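Novice: what's the 3D shape of this:
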Amino acid sequence: MSEQTLAAPIDDEQELVRGFSRYQTGLVVLLALVQFTIILDFVIMSPLGAILMPALDITAAQFGVAVSVYAFSAGISGVLAAGFADRFDRKRLLLFFYAGFAAGTLVCAAAPNYHVLLLGRIVTGLFGGVVGSVVLAIITDLFDLQLRGRVMGYVQTAFAASQVLGIPAGLFLANRWSWHVAFAAIVGVALAVIAAILLLMQPVDGHLKLKQERNAFTHLIATVGEPRYTLAFGVTALLATGGYMLMPFGSAYTVHNLGIDIVHLPTIYLVSGLASILIGPLVGRASSAFGSFPTFLFGTTLSIVMVTIYTHLGQVGLPLVILINVLMFVGIFSRMIPSQVLISAIPVPQQRGSFSAISASLQQLSGGLGSMLAAAIIAENADGSLRHFDRLGYVVIGSGLIALVAMYFVQRQVKSKAGAAVV
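Specialist: The predicted structure follows:
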């Protein structure tokens, strides 16, 4: 049994679909649905910003806090969960945290004011922030390194689906009734996914057969203190910083600075999402075919170009805004997917859960700091337009360049570990 695949439930008589068994194909779909709700719950805050701020009578800085508090609570829970992440069946761990995520989102849906909404975001972050790391650990356990790029490409189409289906639907519900209904819809989908996990997913417990530290705290310290993981943790933190800085203020910037009517926001997310549905699997295949680091290099270069253009735009037409958003998503996916593939190859099997939880924690904490920094840099004019958005672009570009250099050494570390394997 390979180090990469601990518990893949593959039957030799099962029909293979493009290298995947029927069970694995269904599992990819199920994990993509989990990611869909988790990602949608976070990204819906950005387009809802233009609705939430006047509805709750809050400033851009307060809205930035509402976004970042999710990240900080998710970061804290990631550290707390890391010591236990490899001591349970990953299916049970997924169910526990995903149910907590649904409960937190329900609090958001029922929130009568800003402070209850903050409470809901904290609860959602405490549970939802760990779910992504559990999903990554499951993928790493059940799929060989050579297939991981394709799997992550498919799973990350959840991000695109949130753009195509989730955000336009959420904005429609918010505009038609209220922003509360948008969160309530996410809860409904999450409950259906929980039922599917219970009925369809098999246990993922192969890692429990491996030798582990007796104490959860010792397990956490062993993972954090492992020198081979330090660089990967650093790259994870850097990659999160940029995304969290631009995203929360995207809708306000589009409406008030670029001059796009708020009714066209669903169109922007719809077209960008449709394009992303094609982009994710293509990037996954490119990562497997051409190598993860060359794909990451391409994504970084494109992201730098598009961020520079985006953060310096004036009043422009809708088609140009859509084109720029699509190209930005190409850059995002071309960094996100290959970085996950490379970093997933770093930890040993018995530390994958704790490694992923700590990575998720660092991602959320650095993202939260990025959101707070963005809120401190951004200033709002009387007409609602934002000042200093270009400065955010410079910070994003700087962090991207540092991440590129660090990722070069990560891929060398993976090559050294894998020997002659192509990454």
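
Novice: Pull the number of nearby residues for N381.
Specialist: Using other C-beta atoms under 10 Å, N381 is surrounded by 10 other residues. Glycine gets a C-beta too; all of them are placed from N, C-alpha and C.

Novice: Distance check, it against G78.
Specialist: Noted for N381: a distance of 37 Å to G78, by C-beta to C-beta, to the nearest Å.

Novice: ditto for I186
Specialist: From I186 across to G78, the span is 21 Å (C-beta to C-beta).

Novice: my guess is Y114 meets A66, correct?
Specialist: Yes - the pair Y114 / A66 is scored as a contact, 7.4 Å apart, by C-beta atoms under 8 Å.

Novice: neighbour-wise, which of the two wins?
Specialist: A66 (22 against 18).

Novice: residues contacting that one?
Specialist: If a contact means C-beta atoms under 8 Å, 6 or more residues apart in numbering, then A66 has M45, L52, I58, Y114, L117, L118, R121 as its contacts.

Novice: Out of those residues, which is nearest to G259?
Specialist: Among those, L52 lies closest to G259 (C-beta to C-beta), at 21.1 Å.

Novice: The closest one: helix or strand, and which one exactly?
Specialist: L52 belongs to helix 45-56 when assigned by DSSP states H and E.

Novice: and that helix, what other elements does it pack with?
Specialist: In terms of contacts (3 or more C-beta pairs under 8 Å, 6 or more residues apart in numbering; DSSP states H and E), helix 45-56 is packed against helix 60-82, helix 114-142, helix 167-176, helix 179-200, helix 250-256, helix 265-290.

Novice: do that again at 7 Å, thanks
Specialist: If contacts are counted by 3 or more C-beta pairs under 7 Å, 6 or more residues apart in numbering; DSSP states H and E, helix 45-56 sits against helix 60-82, helix 167-176, helix 179-200, helix 250-256.

Novice: got the angle between it and helix 179-200?
Specialist: Interaxial angle of helix 45-56 relative to helix 179-200 (axes from the mean of the first three to the mean of the last three C-alpha atoms, to 10 degrees): 140 degrees.

Novice: what sits up against helix 45-56?
Specialist: 60, 63, 67, 113-114, 167, 171, 174, 179, 182, 247-248, 250-252, 255, 262, 265, 269 (C-beta atoms under 7 Å, 6 or more residues apart in numbering).

Novice: Emit the PyMOL select command for whichever of those are buried.
Specialist: Applied in PyMOL, the following selects the buried portion of these according to 16 or more other C-beta atoms under 10 Å:
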select buried, resi 60+63+67+114+167+171+174+179+182+247+248+250+251+252+255+262+265+269
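
Novice: Helices of the stretch 201-350 of the chain, residue ranges please.
Specialist: In the stretch 201-350 of the chain, the segments counted as helices under DSSP state H, counting those that start in this stretch are 216-224, 230-246, 250-256, 265-290, 292-310, 318-344.

Novice: Can you say which of the ones you listed is nearest to V151?
Specialist: helix 265-290 (7.3 Å).

Novice: for the stretch 1-150 of the chain, which spans come out with low pLDDT?
Specialist: Along the stretch 1-150 of the chain, segments meeting pLDDT under 70 span 1-20, 46-47, 50, 60, 82-86, 145-146, 148-149.

Novice: Report the separation between L118 and V321.
Specialist: Distance from L118 to V321, counting by C-beta to C-beta: 31 Å.

Novice: Ok, P203 next?
Specialist: 47 Å.

Novice: Low-confidence ranges, the stretch 251-400 of the chain, go.
Specialist: Per-residue confidence for the stretch 251-400 of the chain (pLDDT under 70) gives these ranges: 368.

Novice: Burial check on L30, number of neighbours?
Specialist: 19.
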